[in-house]
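K.L.:
Predicted model and sequence follow; I will ask about them next.
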Amino acid sequence: MKKKTINSKGVSFTQAINISEKWCKEWEEGILSEEVLADRIAELIKTKNGLRGFFAYALSDRNCCLLDKLPFSLVFKLIENGKDVVEIIVKNLIMSSAQIIFHQRENNTEYKQISENIADRCKGILQVLETKLVTNTVNKIIKDLDNLGNSFDNSTKYDDQQKEFIRQQIFDIAK
């Protein structure tokens, strides 16, 4: 039997999303073991596109329960990837938290719920990752929160209500 591999060096963001979806569904159907899935994800997230694509899918897809269950073998692989994993999860927590406030203002309960789910998944992951790395990363973010924004170039800054909610979400990690 030939081992399934991907060319993780050349994977695009979209390919990483599609690969992640396929693997997560195979895991949920019992086709892949937790260990095999964790090994595959570990290879995928070694690249920037793989890291972004995996978390874009796993955090946002309502039907993907992988990050809700957090198998130990996956947690171990996420810890091994350290700084990059922590940084992307913290960034997703910040963005989704700001979006919760935005959608609340717009009375868009569906999108607010999606953002809450992403934020909850981020907090759950951060609670099981290497504590010192998480603490250092969130402390840096809290110090720089006034310079961050909800646009790619940070030109649109978070308002006071969003910043306060982001702080609350970060403090929830310690609970």
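P.N.:
It's in. Numbering: from 1, shown residues only.

K.L.:
show me what contacts the residue nearest in space to the middle of the chain?
P.N.:
In the chain, the residue lying closest to the centroid (CA atoms, centre = their mean) is I89, at 4.1 Å. Counting by CB atoms under 8 Å, 6 or more residues apart in numbering, I89 touches 55, 122, 125-126, 129. Backbone N, C-alpha and C define where each C-beta goes, glycine included.

K.L.:
Now, these that are in helices?
P.N.:
Residues of those located in helices (DSSP state H): 55, 122, 125-126.

K.L.:
Please, which helix or strand holds W23?
P.N.:
helix 13-28 (DSSP states H and E).

K.L.:
coming back round to it: can you select the buried ones from the ones in helices among the contacts of I89 in ChimeraX?
P.N.:
Filtering those down to the buried ones (16 or more other CB atoms under 10 Å) takes a single ChimeraX command:
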select :55,122,125,126
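
K.L.:
how about CSV for the ones in helices among the contacts of I89, with pLDDT added?
P.N.:
Shown next, in CSV, are those (pLDDT from 0 to 100):
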residue, pLDDT
F55, 98
C122, 98
I125, 97
L126, 97
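
K.L.:
okay, the ones in helices among the contacts of I89 in TSV with distance to D172 next?
P.N.:
Below are the ones in helices among the contacts of I89 laid out as TSV (distance: CB to CB, whole Å):
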residue	distance to D172
F55	19
C122	10
I125	13
L126	9
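
K.L.:
Please pull up the helix or strand immediately following the helix holding W23.
P.N.:
Scanning forward in sequence from helix 13-28 by DSSP H and E, the next helix or strand is helix 34-44.

K.L.:
Alpha carbons only: can I get that next one in CSV?
P.N.:
The C-alpha trace of helix 34-44 is given here as CSV (Å, rounded to 0.1, in the frame of the first residue of the first chain):
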residue,chain,number,x,y,z
GLU,A,34,-6.2,10.4,15.4
GLU,A,35,-2.5,9.6,15.1
VAL,A,36,-2.5,9.5,11.3
LEU,A,37,-4.5,12.7,11.1
ALA,A,38,-2.2,14.4,13.5
ASP,A,39,0.9,13.4,11.5
ARG,A,40,-0.7,14.6,8.3
ILE,A,41,-1.7,17.9,9.9
ALA,A,42,1.8,18.4,11.4
GLU,A,43,3.3,18.1,7.9
LEU,A,44,0.7,20.5,6.4
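
K.L.:
which helices and strands does that helix pack with?
P.N.:
In this structure, helix 34-44 makes packing contacts with helix 13-28, helix 48-60, helix 72-80, judged by 3 or more CB pairs under 8 Å, 6 or more residues apart in numbering; DSSP states H and E.

K.L.:
So which of the ones you listed is nearest N108?
P.N.:
Taking CB to CB, helix 48-60 is the member of these nearest to N108, at 15.6 Å.
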